[in-house]
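Novice: here's a sequence, model it:
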Amino acid sequence: MADIRRDDDTIEIEDQPRFEIGERVASRSVVRNDGTYNGRDIGDVLVGKGEVGYVRSIGTFLQQFYIYAVEFTDSGRQVGMRAKELCTLDHLPDEVLAQLGERAALVRALR
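Specialist: So this is what the prediction gives:
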């Protein structure tokens, strides 16, 4: 039988963080308040899909996951995010840039 592990079974902190402080990232999905963001109701949208921000600090949660404090420039919010909720805009692999074609120049211009 194959070893099937849920994503939440992975101990991320055994490896180096995926993102660096100051790195430009984008949200991979809509993020709603789960009750941990003060001043907003549970279920309120905190971050839109594709919203761009910068990693401001890196912490851990449950001695298992990295939590990236990301400051999103459009909303001015700082939200704790998991690596699986983010993608880099500063260190895109060459194959991704090739797939973007002409749009890759736009991504570079945003730096």
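
Novice: show me what contacts the nearest residue to Thr36 once chain neighbours are set aside?
Specialist: Distances taken as C-beta to C-beta, 6 or more residues apart in numbering place Gly80 nearest to Thr36, at 7.3 Å, with adjacent residues excluded. (Glycine included, C-beta is placed from N, CA and C.) Each residue near Gly80 by C-beta atoms under 8 Å, 6 or more residues apart in numbering is listed here: 36, 59, 67-70.

Novice: then Ile13?
Specialist: Ile13 sits next to 60, 63-66 when contact means C-beta under 8 Å, 6+ apart.

Novice: got it, and Ser29?
Specialist: 49, 85.

Novice: surely it is in a helix?
Specialist: No: with DSSP: H, G, I helix; E, B strand; the rest coil as the criterion, Ser29 is assigned coil and is not in a helix.

Novice: against Leu89, how distant is it?
Specialist: Taking C-beta to C-beta, to the nearest Å as the measure, Ser29 falls 16 Å from Leu89.

Novice: sorry, back to before: which of the contacts of Gly80 are buried?
Specialist: For these, a neighbour count by 16 or more other C-beta atoms under 10 Å gives the buried set as 67-70.

Novice: re the thing from before, okay, who's weakest in the contacts of Ile13 by pLDDT?
Specialist: Confidence by pLDDT is poorest for Gln63 among the contacts of Ile13, given 84.

Novice: in the chain, where's the longest strand?
Specialist: strand 52-61 (DSSP state E).

Novice: what's the pLDDT at the nearest residue to Leu89 once chain neighbours are set aside?
Specialist: Leaving out its chain neighbours, the residue that sits closest to Leu89 by C-beta to C-beta, 6+ apart is Arg24, at 4.4 Å. Arg24 is assigned 89 on the pLDDT scale.
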